[in-house]
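Undergrad: sequence first, then the predicted structure:
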Amino acid sequence: MTRSDSGRRHPRRLLIAKGIFNTEEGPFNYRIFKDKRVKRKFNYSWQHGRGLVLTVPWTTKLSAAQKSILNNQKWIVSCLKKQNRIADLPNVPQLKNEGHLLYHGKKYLIKIAEPDVSVSAIQIENDSVVLPRSLDKNANIESTLVNWMKIKAHAEFPPIIKQISKTLSIPVKKISIRDQRTRWASWSIAHHSISINWRLIMAPPDVLQYVIIHELLHSIHPNHSKDFWQLVKIHCKHWESSRHWLGCNTKLLIVLR
Ligand SMILES: [Zn+2]
């Protein structure tokens, strides 16, 4: 989860085209980048929910890149199918009416308030999260709940980080709550700053605590050496179960936007 900052002054990568292609499995978004560091002719990757990324060498013609996409339909369709399967997995939050939300590691049923009940803001009631009736469209429900979780993360994370920083006697100069899609958190040794993913609001509190302890301890060992893990074990008794939870839930990093 660690990475020290490495800012680049000169862009070596440029977006040259984006759009939508259609396949038998449905439409997908694509983006084509040219990159000075790339030697291989066509470099494909698939980003869940965001579609295809094709990176080509700096001198490649756009028409050649677009033709290559058309020639790779089979692979693209397999990515789309996989993406659709992940979206249907039972543990992935389904942010729609009668779907479910994960908050502090617990599943909540999503409900729209009854007509005779006035609910002006999102409320947690027992095992349900109740939404105002004005949010009756699924598209609104998803974006509203994602925003709600982000607001919760901004409110809840800093005091917890400060508390752990105090306990470990490791100062934290800056806290950033981010929308990273490849990592749960990171620590910058140079700036003594922590970046933490709002998606951890979905995790049990123990897991959040473990992630923070893990990152802060990177200020002592900026690696994953034996000494580092020794220190993690001393300061976090539940490190193993927390690590397991994170490993089982990496799909939470990619499903919500
Ligand atoms: Zn780490």
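TA: Everything's here; your move. It should be emphasised that the depicted structure is a prediction, and the values quoted were computed from it without experimental measurement.

Undergrad: where's Leu109 relative to the ion, distance?
TA: Note on Leu109: its distance to the ion, by Cβ to the ion, to the nearest Å, is 35 Å. Glycine gets a C-beta too; all of them are placed from N, C-alpha and C.

Undergrad: residue contacts, the nearest residue to that residue once chain neighbours are set aside?
TA: Nearest residue to Leu109 in three dimensions, chain neighbours excluded: Ser128, at 4.6 Å (Cβ to Cβ, 6 or more residues apart in numbering). Applying Cβ atoms under 8 Å, 6 or more residues apart in numbering to Ser128 gives the contacts 108-111.

Undergrad: the spatially most distant residue from the centre of the chain: what secondary structure?
TA: Outermost residue of the chain with respect to the C-alpha centroid, by Cα atoms, centre = their mean, is Asp116; its distance is 37.1 Å. State at Asp116, reduced to three classes by DSSP: H, G, I helix; E, B strand; the rest coil: coil.

Undergrad: how close does it get to Ile194?
TA: Asp116 sits 46 Å away from Ile194, going by Cβ to Cβ, to the nearest Å.

Undergrad: also Leu252?
TA: Look at Leu252 and Ile194: by Cβ to Cβ, they are 19 Å apart.

Undergrad: more neighbours: which of the two?
TA: Neighbour tally, Leu252 and Ile194, criterion other Cβ atoms under 10 Å: the higher count belongs to Ile194, 27 against 19.

Undergrad: can you list the strands that the helix or strand containing that one pairs with?
TA: In the assignment (DSSP states H and E), Ile194 maps to strand 193-197. Applying DSSP bridges to the sheet, strand 193-197 is found paired with strand 174-178 (parallel), strand 185-188 (antiparallel).

Undergrad: identify whichever of those strands lies nearest to the ion.
TA: Proximity to the ion, assessed across the strands paired with strand 193-197 by Cβ to the ion, is greatest for strand 185-188 (7.5 Å).

Undergrad: does the ion sit close to the closest one?
TA: No: on the criterion Cβ under 5 Å from the ion, strand 185-188 is out of touch with the ion, staying 7.5 Å away.

Undergrad: hmm, Phe28 is touching Leu80, no?
TA: Yes: under the criterion of Cβ atoms under 8 Å, Phe28 makes contact with Leu80 at 5.7 Å.

Undergrad: in the sheet, who's paired with Ser188?
TA: On the basis of DSSP bridges, Ser188 is bridged to Ser193.

Undergrad: now swap in Ile112 and tell me
TA: Going by DSSP bridges, Ile112 is paired in beta bridges with Leu131.

Undergrad: now do the helix or strand encompassing Ser143 against strand 174-178, angle only.
TA: Ser143 is part of helix 138-168, with elements assigned from DSSP H and E. Counting by axes from the mean of the first three to the mean of the last three Cα atoms, to 10 degrees, helix 138-168 lies at 160 degrees to strand 174-178.
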